[in-house]
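In: turn this into a model:
(chains A and B)
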Amino acid sequence: MSIVLVGVNHKSAPIDVRERLAFSEDACAASLRELVDGELIREGLIVSTCNRVEILTETTTGQFDDSAERVIQFLAHTGQLPRDFFEANLYKHVDDGAVRHLFRVASSLDSMVVGEPQVLGQVRRAYSIALDAGTAGRVLNRLVHHAFRVAKRVRTETGIGANAVSISYMAVELGKKIFDSLNGKTALLVGAGEMAELSARHLVNAGISRVMVANRTGAAAQELAEAFGGDAVSFDRLSDHLAEADVVICSTGAAEYVVTEAMAREALTKRRNRPSFFIDISVPRNIDPAIGKIPNMFVFDIDDLESVISSNIREREREAERAELIVESEIMQFQQALRALDAGPAIATFRQTLQDIARLEMDRRRAQLGSLTPEQERAIEALLLSTVNRISHPVLSNLRRSYDAGDAETIEAWRDLFGLED
Amino acid sequence: MRSLLLAVLAAYVVAAVHAVLAFINKRRTLLRVSETAMAIGFILHTAALIADWVLYGHYPLFHLRETLSFLAWTLIASYALILYRYRTRALGSFILPLVSVLIFVAIVTRAEPSAEATSMSTTWLFPVHTTLLLFAYAAFFVVFLASIMYLLQERELKLKRFSGIYHRLPSLTTVNEIATSAAAIGVTLLTVGIATGMLWSAARNGPIWQNDPKEIFAALTWSLYILLILYRSSARWRGRRAAWMGVAGFALVLCTFFGARLMGGYHVFG
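Out: Got it, this is the predicted structure:
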């Protein structure tokens, strides 16, 4: 058996190629059934997201070129595209290469933002479509489950998904660093921009219990506050509300400082020195950077966030190097698992063993048979071998069935019965 | 008892190496090894202390060798408490190597004759005095570590440049809480420890204040930590300055612990 992967990703192909090759979720199952013919291509799986289209197939050993060719024709056909349009952007991986690629995709090592968690869900979804379409069989089942396992190992054993790589998520990460847990904490949004809203959503998901929104136009504040079950507060009484806020996210269009140093100092006294942090995503800045000098108050403007994010990305890349080692060791384990699935070598050994026995017996008794013509000798050998083959045939076909069913217990029983070694 | 202490050392070294590796590589699987080794080490260590007590006939906290070993034991006990209360593993990567060094020094330090030790241990006040003080030292070491962790992270948050260590340390709130409660426990132990020392001296018809270096340093240490606690309790949160006091306080603790040996005085034994 051979595993073949043909695909494009955000690195190999521009968006206008990817969007033309992409499969909608509804079309996926029908396309899979069309691709998998049960002869050249025995199993198939399509992962189609905005960043990639991957077609994973299982084929007979030695036929991977034909199989890849079939997939390319299939892509051209389903996309109604000339081959030249996308062929140069395709990558082809066979066996270990295909396994490695799938493991890397599932572990988010091949993602645009390394470590982003969505891709695993997308692979999961692709697998369940293939299962429903009946195109995922014993090899792909094993391969995809192994890929899930690798992704889990990578996530728990490396810090690949650990540090925030988006501005909206930085608030959560800083909050956890300062407060340990966001449960019971209060956030104040100054300005009702989209970025503030996104940050607030992350904060609420991370456990923050109260959201206050202050905006110059009360209606927008009211609307945003309602979305989070929070309160709209008066913009004019901002300094009163600062004292209640553990997290302040500021994004207004104001040209001057909305939160001044004096306001922050007053808030700190009212808070009895409890720490708080300010995220200023507005340009020009709305939070006086001098607040950052006050003890127990931390201010991050848009540049600070960007630089932290780029250092976090570098940290993720360092962790990705460790993840690659995990992928390599898992490829070896998968090969072993796959070998156990492959009936060919085991059956060949078994047949050889039986035939060797027949020839050996023939040699032992040869002297007693007296002189024979070469024809007679060949006839006796043919007789012995065909007897052996006739007897072993049902055994071997049962063994093959056990392999196909992945029935390890029965396989083990056969092996024990005939004293076969690996 | 040397062989038992060697086994203790081996267990602590295994625990320390795994804790440090886990800290560097953020591998949780290594922590399990570290904690198992630490638990085994602690059980053997407790057994070694009891065996010493039975074998030499005095409470195993008198000579330098015994003191170092006992101090290591109190550090492990404190760390176990922190693990239980805060589930914070980062301290282990600093406490466990120190404990290993203490045990190593204890092993290579020669055993001393113990006639004096036996005579000192006749009243129960003396062992109580020394035990409480060692636990106080361990608590102050925890304050010190937590304060350092606070300062490092606070600095990086202010500078907005995060190094590898930032991602490996517990949150500001956690280290602040650890430092606050360890300081409170430490001061309580220190107060009772000093009081029992005075009582013991009085019971032997001696003056309650000998005015020797160790006592002077202990008084300074006590005042500083009392100040630290008052300072912390005057507001809900005192970050940086309190952390600096936690660091400075530990310098005084070191002077108290070693100062007496270097400067002589009433508190020099063995």
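In: what residues does chain A have near chain B?
Out: When proximity is defined by Cβ under 8 Å from any Cβ of the partner chain, chain A lies next to chain B at A:156-159, A:162-163, A:174, A:176-180, A:271-275, A:292, A:295-296, A:298, A:300, A:304, A:307-308, A:311-312, A:315, A:322. Any C-beta I mention is one placed from the backbone N, CA and C, and that applies to glycine too.
In: take the residues you listed and keep only those in strands.
Out: Taking DSSP state E as the definition of strands, those contribute A:298, A:300.
In: just the buried ones out of the residues of chain A next to chain B, please.
Out: For those, a neighbour count by 16 or more other Cβ atoms under 10 Å in any protein chain shown gives the buried set as A:157-159, A:162-163, A:174, A:176-180, A:271, A:273-275, A:292, A:296, A:298, A:300, A:304, A:308, A:312, A:315, A:322.
In: shaky segments in the chain?
Out: With no chain named, the answer covers chain A. A:340-341, A:404-406, A:408, A:419-422 (pLDDT under 70).
In: hmm, I had chain B in mind actually
Out: In chain B, residues with pLDDT under 70: B:1, B:111-122, B:205, B:259-270.
In: which residues of it fall in strands?
Out: Using DSSP E, strands in chain B do not occur.
In: residue nearest the centroid of the chain?
Out: Using chain A. Nearest residue to the geometric centre of chain A (Cα atoms, centre = their mean): residue A:106, 2.0 Å.
In: which ones are touching residue B:160?
Out: Residue B:160 is in contact with A:300, A:304, A:307-308, counting by Cβ atoms under 8 Å, 6 or more residues apart in numbering or on different chains.
In: so which of those residues sit within helices?
Out: A:304, A:307-308 (DSSP state H).
In: so which of those is the closest to chain B?
Out: Taking Cβ to the nearest Cβ as the measure, chain B lies nearest residue A:304 of those, at 4.3 Å.
In: check contacts around the closest one.
Out: Contacts of residue A:304 were listed using Cβ under 8 Å, 6+ apart, and they are residue B:160.
In: same check, this time on residue A:247
Out: By Cβ under 8 Å, 6+ apart, the contact list for residue A:247 reads A:171, A:175, A:185-188, A:203, A:208, A:276-277, A:279.
In: can you give me phi and psi for it?
Out: phi -130, psi 130 (degrees, to the nearest 10).
In: check residue A:187 too.
Out: phi -110, psi 140.
In: and if you look at the one 4 residues further on?
Out: For residue A:191, the backbone dihedrals (degrees, to the nearest 10) come out as phi 90, psi 140.
In: how about it, nearest residue that isn't a chain neighbour?
Out: What sits nearest to residue A:191 in space, not counting adjacent residues and going by Cβ to Cβ, 6 or more residues apart in numbering or on different chains, is residue A:252, at 3.5 Å.
In: gap between stretch A:21-38 and the chain center?
Out: Centre-to-centre, stretch A:21-38 and its host chain are 20 Å apart (Cα atoms, centre = their mean, to the nearest Å).
In: can you check stretch A:322-332 too?
Out: Relative to the mean C-alpha coordinate of its chain, stretch A:322-332 is positioned 14 Å out (Cα atoms, centre = their mean).
In: need the residues that contact that stretch.
Out: A:96, A:99-100, A:103-104, A:107, A:109, A:146, A:149-150, A:153-154, A:157-158, A:160, B:25.
In: helices - which of these land there?
Out: Using DSSP H, the members of the contacts of stretch A:322-332 that fall within helices are A:96, A:99-100, A:103-104, A:146, A:149-150, A:153-154, A:157, B:25.
In: interface residues of chain B facing chain A?
Out: For chain B, the residues in contact with chain A (Cβ under 8 Å from any Cβ) are B:25-29, B:153, B:157-158, B:160-162, B:164, B:166-167, B:170-174, B:235-241.
In: tell me which stretches of the stretch 1-150 of chain A form helices.
Out: Taking DSSP state H, counting those that start in this stretch, the helices of the stretch 1-150 of chain A run over residues A:15-21, A:25-35, A:64-79, A:83-86, A:96-106, A:118-133, A:138-157.
In: which stretches of the stretch 151-270 of chain B form helices?
Out: Assigned by DSSP H, counting those that start in this stretch, the helices in the stretch 151-270 of chain B fall at B:172-203, B:213-233, B:240-263.
In: how about JSON lines for those, with mean neighbour count added?
Out: Listed next are those as JSON lines, based on neighbours: other Cβ atoms under 10 Å in any protein chain shown:
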{"stretch": "helix B:172-203", "mean neighbour count": "20"}
{"stretch": "helix B:213-233", "mean neighbour count": "18"}
{"stretch": "helix B:240-263", "mean neighbour count": "18"}
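In: let's have the ones you listed in CSV, adding distance to residue A:403.
Out: Formatted as CSV, the helices of the stretch 151-270 of chain B follow (distance: least, Cβ to Cβ, whole Å):
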stretch, distance to residue A:403
helix B:172-203, 55
helix B:213-233, 70
helix B:240-263, 65
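In: what about residue A:375, distance to residue A:365?
Out: Distance, residue A:375 to residue A:365, by Cβ to Cβ, to the nearest Å: 18 Å.
In: residue B:165 versus residue B:155, what's the distance?
Out: From residue B:155 to residue B:165 the distance is 11 Å (Cβ to Cβ).
In: I'd say residue A:9 and residue A:109 touch.
Out: No - Residue A:9 is beyond contact range of residue A:109, at 11.6 Å (criterion: Cβ atoms under 8 Å).
In: can you pick out the residue with more neighbours from the two?
Out: A count of neighbours by other Cβ atoms under 10 Å in any protein chain shown puts residue A:109 above the other of residue A:9 and residue A:109, at 26 against 19.
In: quick check: residue B:5 touching residue B:106?
Out: Yes - counting by Cβ under 8 Å, residue B:106 is a contact partner of residue B:5 at 6.8 Å.
In: now the common contact residues for those two.
Out: Common neighbours of residue B:5 and residue B:106 (Cβ under 8 Å, 6+ apart) are residue B:69.
In: circling back: tell me which two in the ones in helices among the contacts of stretch A:322-332 are the farthest apart.
Out: A:96 and B:25 (26.8 Å; Cβ to Cβ).
In: and the residue of the stretch 51-200 of chain B closest to chain A?
Out: Counting by Cβ to the nearest Cβ, the stretch 51-200 of chain B gets nearest chain A through residue B:171, at 3.8 Å.
In: who's in contact with that residue?
Out: Contact analysis of residue B:171 by Cβ under 8 Å, 6+ apart lists A:176-180.
In: roughly how far apart are residue A:184 and residue A:208?
Out: 8 Å.
In: between these two, which one's more packed in?
Out: Applying other Cβ under 10 Å to residue A:184 and residue A:208 shows that residue A:208 carries more neighbours, namely 25 against 11.
In: that one is in contact with residue A:188, isn't it?
Out: No - between residue A:208 and residue A:188 there is no contact under Cβ under 8 Å: 10.7 Å.
In: middle-most residue in chain B, spatially?
Out: Nearest residue to the geometric centre of chain B (Cα atoms, centre = their mean): residue B:138, 1.8 Å.
In: thought residue B:82 was touching that residue, still the case?
Out: No - counting by Cβ under 8 Å, residue B:82 is not a contact partner of residue B:138; they are 10.7 Å apart.
In: just give the nearest non-adjacent residue to residue A:239, would you?
Out: Among residues not flanking residue A:239 along the chain, residue A:263 sits closest, at 4.3 Å (Cβ to Cβ, 6+ apart).
In: next: residue A:209.
Out: Among residues not flanking residue A:209 along the chain, residue A:184 sits closest, at 5.3 Å (Cβ to Cβ, 6+ apart).
In: how close does residue A:138 get to residue A:144?
Out: Distance of residue A:138 to residue A:144, computed by Cβ to Cβ: 11 Å.
In: good, wrapping up.
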